[in-house]
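K.L.:
no FASTA, just this:
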């Protein structure tokens, strides 16, 4: 293999990787998730491990947790299909029969395709008006367009209704408008070019948009502009107005402000948004296992390392230690395994 002597840095790395057939793997290696593709993966060995863990004398929970929390979502799906082919049994049903409580729910979430898990969480949230704002906003605002598209397709298939219809019937006001707009998946993608004129126009539009009749301006800008652009809009707005945009939201929307404030916090700093949600879930009298499980699983392959860093920075204690102190029972080992490590 010859390498041009003038090449350095990323270009040299790309050339070497291309010769090795690994050029398309760099994005996966660069993830800020805690869970990576297991390099020594053997689907047959994992099937045998899980079969012994279920069928032996006494359920071997530690083996089940060890296998499922050390494989990527894609690898877990391969295990599930292979288990069905080799044993004529459904792995998910077999594990549900063997386990119970919070650990059972965590294992079910780990084994489900991401789109199905998101669809079920979205459905649950829309049926429970108390959590619609937080869970529906979380899912619709933080998934990539392809993930969102797949989630909504599964939602329609599994529940025989469009998610948009449930949003219309179960929510109201600006929350409904935001969720419906987000569900269309029309947010612009970041192209790497800064549009200073558009940022200026958006700041002026938000400044002028007063009263209920102008909420459409807020909804359009918050749900269609890409996050990188919106962060610039937020900063520019503060420079011009002398205060954060969130203050204006509270003053203009009063009791309806929370939905916009939640979306603004997602846009400003997504890992911090999730760190806050995890902290609140851990502060409840009984930890909110559903929230802990959903966030740790859904972010484990994307940005959980960033979430851990924001958690430690804001609350002065690591997420790992916080989980150790608050979570009890068999579920603790699974959640700690997803969190992965202590932050010193």
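P.N.:
Everything's here; your move. Remember, predicted model here, so these are calculated numbers, not experimental data.
K.L.:
any residues touching whatever helix or strand residue 146 lives in, and which ones?
P.N.:
Residue 146 is located in helix 145-159, with elements delineated by DSSP states H and E. For helix 145-159, the external contacting residues (CB atoms under 8 Å, 6 or more residues apart in numbering) are 113-116, 118-120, 122-123, 139-140, 143, 161-163, 166, 182-183, 185, 187, 189. Placement of C-beta: from N, CA and C, glycine included.
K.L.:
stretch 336-344 now?
P.N.:
Against stretch 336-344 from outside (CB under 8 Å, 6+ apart): 34-35, 65-66, 69-70, 296-297, 300, 304, 308-309, 311-312, 318-321, 323-324, 327.
K.L.:
please pick the buried ones from the residues you listed.
P.N.:
Buried residues within the contacts of stretch 336-344, defined by neighbour count using 16 or more other CB atoms under 10 Å: 34-35, 65-66, 69-70, 296-297, 300, 304, 308-309, 311-312, 318-320, 323, 327.
K.L.:
quick check: buried residues in the helix holding residue 146?
P.N.:
Buried residues in helix 145-159 (16+ other CB under 10 Å): 147, 148, 150, 151, 152, 154, 155, 159.
K.L.:
residue 291: which of the residues you listed is nearest?
P.N.:
residue 151 (17.9 Å; CB to CB).
K.L.:
and for residue 171, the neighbour number?
P.N.:
21 (other CB atoms under 10 Å).
K.L.:
residue 178 sits in which helix or strand?
P.N.:
Assigned by DSSP H and E, residue 178 falls in helix 173-183.
K.L.:
that helix: which residues count as buried?
P.N.:
174, 175, 176, 177, 178, 179, 180, 181, 182, 183.
K.L.:
so where's the stretch 151-300 of the chain shaky on pLDDT?
P.N.:
Low-confidence segments of the stretch 151-300 of the chain (pLDDT under 70): 211-212.
K.L.:
which residues sit against the helix or strand that the helix holding residue 178 is followed by?
P.N.:
Next along the chain after helix 173-183, taking DSSP H and E as the criterion, comes helix 196-208. Contacts to helix 196-208, defined as CB under 8 Å, 6+ apart, come from residues 214, 217-218, 221, 225, 229, 232-233, 236-237, 240-241, 245, 248.
K.L.:
how about a cut-off of 10 Å?
P.N.:
188, 195, 214, 217-218, 220-222, 225, 229-241, 245, 248-249, 252 (CB atoms under 10 Å, 6 or more residues apart in numbering).
K.L.:
which PyMOL command selects the buried ones in those residues?
P.N.:
Here is the PyMOL command that selects only those of those that count as buried (16+ other CB under 10 Å):
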select buried, resi 218+220+221+222+225+229+230+232+233+234+236+237+245+248+249+252
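K.L.:
so of the contacts of helix 196-208, which ones are in helices?
P.N.:
Among those, the members found in helices (DSSP state H) are 217-218, 220-222, 229-241, 245, 248-249, 252.
K.L.:
where does pLDDT dip in the stretch 1-150 of the chain?
P.N.:
The low-confidence ranges in the stretch 1-150 of the chain, as defined by pLDDT under 70, are 1-30, 129-132.
K.L.:
tell me how many other residues surround residue 262.
P.N.:
Residue 262 has 18 nearby residues by other CB under 10 Å.
K.L.:
my read: it touches residue 138, true?
P.N.:
Yes: using CB atoms under 10 Å, residue 262 is in contact with residue 138, at 8.4 Å.
K.L.:
find residues that contact each of the two.
P.N.:
Common neighbours of residue 262 and residue 138 (CB under 10 Å, 6+ apart) are residue 273.
K.L.:
any idea how far residue 217 is from residue 338?
P.N.:
40 Å (CB to CB, to the nearest Å).
K.L.:
ok, residue 114 next?
P.N.:
For residue 114, the distance to residue 217 - CB to CB - is 33 Å.
K.L.:
same question for residue 94.
P.N.:
Counting by CB to CB, the gap from residue 94 to residue 217 is 53 Å.
K.L.:
go on, residue 256?
P.N.:
15 Å.
K.L.:
also residue 32?
P.N.:
From residue 32 to residue 217 the distance is 33 Å (CB to CB).
K.L.:
just checking, residue 50 touches residue 83?
P.N.:
Yes: Residue 50 is within contact range of residue 83, at 6.6 Å (criterion: CB under 10 Å).
K.L.:
so what's in contact with these two at the same time?
P.N.:
Joint contacts of residue 50 and residue 83 (CB under 10 Å, 6+ apart) are 91, 94, 95.
K.L.:
can I get those in a markdown table with secondary structure?
P.N.:
What follows is these, written out as a markdown table (DSSP: H, G, I helix; E, B strand; the rest coil):
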| residue | secondary structure |
| --- | --- |
| 91 | helix |
| 94 | helix |
| 95 | helix |
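K.L.:
what's residue 244 sitting at in phi/psi?
P.N.:
phi -70, psi 150 (degrees, to the nearest 10).
K.L.:
who's in contact with it?
P.N.:
234, 235, 237, 238, 250, 264, 268.
K.L.:
buried set for the host helix or strand of residue 117?
P.N.:
In this structure, residue 117 is located in helix 114-127 according to DSSP H and E. The neighbour-count check on helix 114-127 (16+ other CB under 10 Å) flags 114, 115, 116, 117, 118, 119, 120, 121, 122, 123, 125, 126 as buried.
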